[in-house]
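>>> using only what follows, build the 3D model:
(one chain, ligands or ions: 1)
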Amino acid sequence: MTAFSFRVRATDGTARLGEISTPRGHIRTPAFMPVGTQATVKAMYPEQVRALGADIILGNTYHLMLRPGAERVARLGGLHAFMDWPHPILTDSGGFQVMSLASLRKLDEDGVTFRSHLDGSEHRLTPERSIEIQGLLGADIQMQLDECLKLPAAREDIARAMELSLRWAERSRRAFEGQPEGRAIFGIVQGGDQPDLRIDSAKALAGMDFHGLAVGGLAVGEPQEVMLAMIETVEPHLPATKPRYLMGVGTPDDILEAASRGIDMFDCVMPTRAGRHATAFTRFGKINLRNARHAEDTRPLDPDSPSEPLRRWSRAYLHHLVRAEEMLAGMILTAVNIAYYQELMAGIRAAIAEGRLAAFRDEVKAGWAAGDL
Ligand SMILES: O=c1[nH]cnc2cc3nc(NCCN4CCOCC4)[nH]c3cc12
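Okay, here's the model as predicted:
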């Protein structure tokens, strides 16, 4: 059974080209993880997600613990068999979605109690239970339970949540012992927009024998420059030999900027959610296919894209599907957006390998700025 490992193959400034090895396959980094919230990347067959370049997907513990239930997924053979995705899966801890989706939440030193947004039933998450759930799902990479505050927030609240998250990091790490060889657990750096608290959190986690570290508590309402400043603040304190995962990020621009600052892994609902809302991400920026200007445009989204979904159909057809509210609109545009995000990641990886990430970044931004064809 292969263990979990990470190798840095090249660097370009603080950016890294790397590869994570897991028993279920390799992950090329910088990597984008499509979000598969309820055991599906919405509107996509798993083989399509793979064919468009994804090495790993994300599953949400909050949703899966409520429905169909972690023990049921385990009885059914685990998440990989359940959804027929044989490649790596990262699951989050559930804490973030408890705070954003559940009702009547009560957070205390030991964990969080909440009511399901589905049927109001009461549930409790502790660091130990979250890791147990992620183990029952069979996740290859598991996340500690943490407390993520929205920004702006008072410094004393940020400090309290950061310190609670460190205590929960210790408990999550201990609870993870005994899981099958090859699985990994990541800690999560908190500290809000406070540089000193960010450094304290990163230093403490660096000493806790995690397989990787996530930078959390960002993309929670702060301006991009604050997010990027916090990444620059913590980067020197993150172990260079372990993957860095920026949670919930982001737009193509966020990803370009954060990868340039040393982030190796990303996840965001943006490409899949936007695909269901008539928006295509392309080399020319975002295109809203609901717009009447596309009604008789026979050109594909991008004739030069390496990915078929961007070459195959006319904008006129996509516009029609959107206006007609056909299911195929969301299916095609989700595939378009997953394809574009993976093309962007492949471009970033190639640019780092060639030591030309800054030039690549400028070229890509110029393409977005030039706008649509
Ligand atoms: O500290 C965190 N801990 C555990 N999970 C997280 C998930 C997170 N997700 C975001 N941002 C998501 C932003 N999305 C952008 C697209 O629209 C939906 C929200 N920030 C996040 C921070 C954390």
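>>> residues in the stretch 51-200 of the chain within reach of the ligand, list them.
Asp92, Gly95, Phe96, Asp146, Cys148, Ile188 (Cβ under 6 Å from any ligand atom). (C-beta placed from N, C-alpha, C; glycine too.)
>>> try 5 Å
The stretch 51-200 of the chain comes close to the ligand at residues Phe96, Asp146, Cys148, as judged by Cβ under 5 Å from any ligand atom.
>>> what about the first one, neighbour count?
When neighbours are counted by other Cβ atoms under 10 Å, Phe96 registers 23.
>>> how about the backbone phi and psi for it?
phi -60, psi -40 (degrees, to the nearest 10).
>>> 10 is where my numbering starts, stick with that
Sure thing, new numbering starts at 10, so read that last one as Phe105.
>>> how about the helices of the stretch 10-159 of the chain, start to end?
55-60, 70-75, 79-84, 88-92, 104-110, 136-146 (DSSP state H, counting those that start in this stretch).
>>> among these, which is nearest Arg324?
With Cβ to Cβ, the closest approach to Arg324 among the helices of the stretch 10-159 of the chain belongs to helix 55-60: 21.1 Å.
>>> show me what that closest one is packed up against.
Under the contact criterion of 3 or more Cβ pairs under 8 Å, 6 or more residues apart in numbering; DSSP states H and E, helix 55-60 touches helix 336-362.
>>> got any ranges where the stretch 110-259 of the chain has weak pLDDT?
Along the stretch 110-259 of the chain, segments meeting pLDDT under 70 are nowhere present.
>>> just confirm Ala249 contacts Val17, I think it does.
Yes - at 7.1 Å, Ala249 counts as touching Val17 under the criterion of Cβ atoms under 8 Å.
>>> so between those two, which is more surrounded?
A count of neighbours by other Cβ under 10 Å puts Val17 above the other of Ala249 and Val17, at 15 against 12.
>>> quick check: pLDDT value at that one.
On pLDDT, Val17 comes in at 98.
>>> and it, how far from Ile29?
Val17 sits 11 Å away from Ile29, going by Cβ to Cβ, to the nearest Å.
>>> equivalent analysis for Gln199, please.
Going from Gln199 to Ile29 by Cβ to Cβ gives 23 Å.
>>> more neighbours, the two?
Gln199 (30 against 26).
>>> coming back round to it: which one of the helices of the stretch 10-159 of the chain lies nearest to Thr38?
That would be helix 55-60 among those, by Cβ to Cβ, at 16.9 Å.
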